[in-house]
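**Q** Output the structure for:
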Amino acid sequence: MRIALFATCIVDAMYPETAKSTVKILERLGHEVVFPKAQACCGQMHINSGYMPEALPVVENHINAFDTDDYDVAVAPSGSCVASVKHQHPILAERLGKPELKERAIAVGKRTYELSQLLVDVLGITNAAEQLGSYFPDTITYHPSCHGMRSLKLGDRQLDLLKTVGGITVEELPEADQCCGFGGTFSIKNADVSSAMLEDKMKNICSTGASACAGGDASCLMHIGGGLSRTGAKPKTLHLADILASTMEETVTL
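**A** Residues are numbered from 1 along each chain as shown. Reported below is the predicted structural model:
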């Protein structure tokens, strides 16, 4: 397949290795990866904060960048950004009286997948060690991000893939379905509440004894990782894509 990489803002700016890991995984499976150069922010932050008119040109740019015949499907290492493309973009276009844009948004959304969605539902990956050569000889726990869990209904796709990585041990995270407290601008506008939620999440992560907390959204991992670093806690954070891209020959380090 010819697959378009939707890198997302935070991965591009803060975690470019995660984007590279996504490309490595797909190329390892024999697919061609392209990068639509006109892509920028998808507008999720604006929409979540209620800035609908301000979000319109941002959303239009994303749709223009990905509404082409140059690829078969698009993929992002982010549940929240894919949820925005699939669900928020058509809603925004409808609310602002843009019926043509809404139809184009729906079409782009249908071809856009979160990484584990693409791997499991489209490419038929069920065993990361056997089919991807994934190897990570350490103990992790797993945080399922809210948008992936609730908006995309990812279920256990990410966790099931992690459990099949060679050499890995996965410890169950207590209260895994509880938000980490990030929520984009929520963590700024409601800093005290956000910090209290983060404290609960960090306590649960540390209780597992894991060396790392894995997840599918760089934004949540940034929030959690920042908190763990400030407290001097042992666990690090690691994106799903980085673990799946890790091999015996080139093992990702914490």
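
**Q** wait, doesn't residue 45 sit right on residue 183?
**A** No: taking Cβ atoms under 8 Å as the definition, residue 45 is not a contact partner of residue 183, at 10.5 Å. Yep, even glycine has a C-beta here, placed from its N, CA and C like the rest.

**Q** Could you find the closest non-adjacent residue to the most centrally placed residue in the chain?
**A** In the chain, the centroid-proximal residue (Cα atoms, centre = their mean) is residue 78; its distance is 1.9 Å. Setting aside the residues directly before and after it, residue 78 is nearest to residue 8 in space (Cβ to Cβ, 6 or more residues apart in numbering), at 4.7 Å.

**Q** so where's the protein uncertain?
**A** Within the chain, no range satisfies pLDDT under 70.

**Q** And it, what are its domain boundaries?
**A** For the chain, the structural domains run 2-122, 128-245, going by automatic domain parsing.

**Q** can you put the ones you listed in TSV and add distance to residue 253?
**A** Formatted as TSV, the domains of the chain follow (distance: least, Cβ to Cβ, whole Å):
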stretch	distance to residue 253
domain 2-122	11
domain 128-245	10
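
**Q** quick one, which of those is nearest to residue 251?
**A** The closest of the domains of the chain to residue 251 is domain 128-245. By Cβ to Cβ, the value is 6.3 Å.

**Q** got the end-to-end distance for the closest one?
**A** End-to-end span of domain 128-245 (Cα to Cα, to the nearest Å): 9 Å.

**Q** same thing with stretch 89-107?
**A** Stretch 89-107 stretches 11 Å from its first residue to its last (Cα to Cα).

**Q** How about residues contacting that stretch?
**A** Stretch 89-107 has contacts (Cβ atoms under 8 Å, 6 or more residues apart in numbering) with 42-43, 47, 52-53, 55-56, 59-60, 62-63, 67, 85, 108-109.

**Q** Just the buried residues from those, in PyMOL please.
**A** A single PyMOL command selects the buried members of these (16 or more other Cβ atoms under 10 Å):
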select buried, resi 42+43+47+52+55+56+59+60+62+63+85+108+109
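
**Q** Return the subset of the contacts of stretch 89-107 lying in helices.
**A** 47, 52-53, 55-56, 59-60, 62-63, 108-109 (DSSP state H).

**Q** between those residues, which is closest to residue 202?
**A** Each of these was checked against residue 202 using Cβ to Cβ; the closest is residue 47, at 28.4 Å.

**Q** Just give me the neighbour total for residue 228.
**A** 21 (other Cβ atoms under 10 Å).

**Q** what about it, which SS state?
**A** Secondary structure, DSSP: H, G, I helix; E, B strand; the rest coil: residue 228 is helix.

**Q** wait, isn't it in contact with residue 203?
**A** No: the pair residue 228 and residue 203 does not pass the contact test of Cβ under 8 Å, sitting 10.7 Å apart.

**Q** The residue lying farthest from the centre of the chain and residue 61: what is the separation?
**A** Distance from the C-alpha centroid of the chain peaks at residue 97, with 29.9 Å (Cα atoms, centre = their mean). Relative to residue 61, residue 97 is positioned 19 Å away (criterion: Cβ to Cβ, to the nearest Å).

**Q** ok, now residue 136?
**A** Taken as Cβ to Cβ, the span from residue 136 to residue 61 is 36 Å.

**Q** So for these two, which residue has more residues nearby?
**A** More neighbours surround residue 136 than the other of residue 136 and residue 61, with 28 against 16 (other Cβ under 10 Å).
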